[in-house]
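Engineer: attaching a predicted model along with its sequence, questions to come.
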Amino acid sequence: VLLAVTVLEQVMQNCGPELHTTIATKEFMGDVSALVLNPNLDAPLHRKVVQLVQNWGLGFKHMQDKLPVFYETYSTLRAQGVRFPEYDAANAPIYALRQAPRP
């Protein structure tokens, strides 16, 4: 599962708005939240998923009008007491609604 989450991380960083919109559903982010809240989750996997939620929440914060579920999920989990690592904006991935080049 850790490998799948790592692949998802890379895909989110390297793909554009079509994929971001596909991922940005309440159903998918609900599943991600369930992983974060699962007390039996393997520690390395838990750290990775928490990091992704934080990166997506803060990385897409400026796009709440188009992709609100990322920041909503992050905010909700923080309100529920989930501890997130210190955020390093200088090394955080940058997500932009960019257009893919046309062939």
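Structural biologist: All right, it came through fine.

Engineer: just checking, Val5 touches Leu45?
Structural biologist: Yes: the pair formed by Val5 and Leu45 meets the contact definition of Cβ atoms under 8 Å, at 6.7 Å. Just so you know, the C-beta spots here come from the backbone N, C-alpha and C atoms, and that holds for glycine as well.

Engineer: buried ones in the longest helix seen in the chain?
Structural biologist: Counting by DSSP state H, the longest helix found in the chain is helix 43-59. Buried residues in helix 43-59, counted by 16 or more other Cβ atoms under 10 Å: 45-46, 48-59.

Engineer: and what of stretch 1-20?
Structural biologist: Val5, Leu8, Glu9, Met12, Pro17, His20.

Engineer: between the residues you listed, which sits nearest Val82?
Structural biologist: Set against Val82, the nearest of the buried residues of stretch 1-20 by Cβ to Cβ is Val5 (16.3 Å).

Engineer: from Lys26, how far off is the closest one?
Structural biologist: Taking Cβ to Cβ, to the nearest Å as the measure, Val5 and Lys26 are separated by 19 Å.

Engineer: in TSV: the buried residues of stretch 1-20, plus secondary structure and pLDDT.
Structural biologist: Compiled in TSV, the buried residues of stretch 1-20 are given as follows (DSSP: H, G, I helix; E, B strand; the rest coil; pLDDT from 0 to 100):
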residue	secondary structure	pLDDT
Val5	helix	95
Leu8	helix	94
Glu9	helix	93
Met12	helix	93
Pro17	helix	88
His20	helix	94
